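**Q** give me a 3D structure for the following:
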Amino acid sequence: MKEQFPAVVNFAAAPHSVEVRPMPAPEIGPDDVLLEVAYVGVCGSDLHRWLGTASVPANYPVILGHEYAGRIAAVGGEVTGFATGDRVVGETAAVIDPDSPLTRRGLYQLDPRRRGFGYGVHGAMTRYLCVPQRCLHRVPAQMPLQIAALTEPCCVAYNAVANHAGVTLGDRVIVIGPGPIGVLCAAMAQLQGGDAMLLGLPADRARLEVARAAFGLRVSDGVPDDLQADVVIDAAGASASLRTALEVVRPGGRITKVGWGPQPVDYSLDPLVQKNVTLQGSYSHNWIVWERVIELLARGRLVVDALIGGIWELNDWQKAFADMAEGRVLKSLLAVAPTSE
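**A** Numbering: from 1, shown residues only. This next block holds a predicted model:
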């Protein structure tokens, strides 16, 4: 019988349908590598699956986790450019249609047949993960693997801010939602030359303080009077935040929505028309985004250490999830098979 390893498994859509189960190491194909996972980040989408509030269906039962970094344990027969022992981080688009027009344009993250780690196929909250070679990026020697495990949310923020919101020098930028993506969006906006403010609620004060101290951001636990911005980035996990975005965006301004909000919208979108506002969604990332973000992290242009509120063993996943869900930490990491570096 194949050796089995503990895995954080989401086995149904109902709330709290997550538990540690023994799972075998995956088989790999000729174009895949077997990754020994060192660290995996907890994403807001993982929390939604734990709480039963996810808006995207999963292929149950499925191992959670898509923010991962580790070392290659084995390579398929047709893998080139990577070898056993290499330190790598990987993208989330586990399954794509290579013949899709979107894939051929380099926009494989938007391929309707795309299936991601942690909901469509087994994810990284276990010892070994099967990763297609096309998903892999090398981790620079100076970058610790626990920082590399934060690459994916940084890529989400970069794509939203640089590619879709189009933040430029001097733009007044408001980011709604002080979760990890919101904090990173505000930090990215400042790197782009914008003047960024991060908005949250009174319950978010601890996370707002981390953002202020670590990234030098202006923060507010409410909406100040007469607040206006050229660009608003909605990184909150509720549909109601778009209403705030419509209130604070200047006429002719831009709103980019990156946060998932499954609730129905129960307010008028007339201000979108009256203000002549551009509303843009931003989803996921692609190869060039990953390469640029890795360069920012490796060169110290983007320093994200302060995001990590704690590192937990895999069996302590529930504490890691709860501390993040309840706002005690910004980002939880699970140590699966860490190595001294």
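**Q** after the helix or strand hosting Leu297 comes which helix or strand?
**A** Element membership of Leu297, judged by DSSP states H and E, is helix 287-298. With elements assigned by DSSP H and E, the helix or strand that comes after helix 287-298 is strand 308-313.
**Q** any idea of the mean pLDDT for the very next helix or strand once past that next one?
**A** Downstream of strand 308-313, the first helix or strand assigned by DSSP H and E is helix 317-325. For helix 317-325, the mean per-residue pLDDT is 97.
**Q** chain center to helix 317-325, what's the gap?
**A** 16 Å (Cα atoms, centre = their mean, to the nearest Å).
**Q** check stretch 132-142 too.
**A** 17 Å.
**Q** what's that stretch in contact with?
**A** With contacts defined as Cβ atoms under 8 Å, 6 or more residues apart in numbering, stretch 132-142 is touched by 31-33, 69, 76, 79-82, 86-94, 145, 148, 151, 290-291, 294, 298. Any C-beta I mention is one placed from the backbone N, CA and C, and that applies to glycine too.
**Q** what's the span of it from first residue to last?
**A** 25 Å (Cα to Cα, to the nearest Å).
**Q** buried residues in that stretch?
**A** By neighbour count with 16 or more other Cβ atoms under 10 Å, stretch 132-142 contains the buried residues Pro132, Gln133, Cys135, Leu136, His137, Val139.
**Q** kindly report the same for stretch 109-120.
**A** Gln109, Asp111, Arg114, Gly116, Phe117, Gly118, Tyr119, Gly120.
**Q** try stretch 301-310
**A** Leu302, Val304, Leu307, Ile308, Gly309, Gly310.
**Q** same deal with stretch 26-45?
**A** Buried positions in stretch 26-45, judged by neighbour count with 16+ other Cβ under 10 Å: 26, 28, 32-45.
**Q** returning to that earlier point: closest to Arg328 among the buried residues of stretch 301-310?
**A** Gly309 (7.0 Å; Cβ to Cβ).
**Q** surely the closest one and Ser332 touch.
**A** Yes. In this structure, Gly309 is within contact of Ser332 by Cβ atoms under 8 Å, at 6.3 Å.
**Q** any residues in contact with both of the two?
**A** Asp323, Met324.
**Q** got the buried residues for stretch 313-323?
**A** Neighbour-count burial for stretch 313-323 [16+ other Cβ under 10 Å]: Leu314, Trp317, Ala320, Phe321, Asp323.
**Q** picking that back up, and the contacts of stretch 132-142, which are buried?
**A** The buried subset of these (16+ other Cβ under 10 Å) comprises 32-33, 69, 76, 79, 82, 86-94, 145, 148, 151, 290, 294, 298.
**Q** now for the buried residues of stretch 132-142: which two are most distant?
**A** Maximum pairwise distance among these (Cβ to Cβ): 17.4 Å, between Pro132 and Val139.
**Q** so for the residue lying closest to Phe321 once chain neighbours are set aside, what's the pLDDT?
**A** Leaving aside its chain neighbours, Phe321 sits nearest to Trp50 (5.4 Å; criterion: Cβ to Cβ, 6 or more residues apart in numbering). Note on Trp50: pLDDT of 98.
**Q** what number of residues lie near Trp50?
**A** Other residues within reach of Trp50 by the criterion other Cβ atoms under 10 Å amount to 22.
**Q** OK, contacts around it?
**A** Trp50 neighbours (Cβ under 8 Å, 6+ apart): Asn10, Pro15, His16, Val18, Phe321, Ala325.
**Q** just the buried residues of those.
**A** Asn10, Val18, Phe321, Ala325.
**Q** closest one to Asp234 out of those, please.
**A** Ala325 (20.0 Å).
**Q** about what we covered before: identify all contacting residues around the helix holding Leu297.
**A** 89, 91, 106, 137, 139-140, 142-143, 147-148, 150-151, 154-155, 158-159, 163, 191, 301-302, 304.
**Q** the helices in the stretch 51-200 of the chain, which residues?
**A** Secondary structure of the stretch 51-200 of the chain, counting by DSSP state H, counting those that start in this stretch: helices at 101-104, 145-148, 151-158, 180-191.
**Q** and the gap between the nearest residue to Pro251 once chain neighbours are set aside and Pro224?
**A** Spatial nearest neighbour of Pro251, excluding adjacent residues (Cβ to Cβ, 6+ apart): Lys275 at 4.5 Å. Lys275 is 19 Å from Pro224, where distance means Cβ to Cβ, to the nearest Å.
**Q** for the two, indicate the residue with more neighbours.
**A** When Lys275 and Pro224 are compared for neighbours, Lys275 comes out ahead with 16 against 10, by other Cβ under 10 Å.
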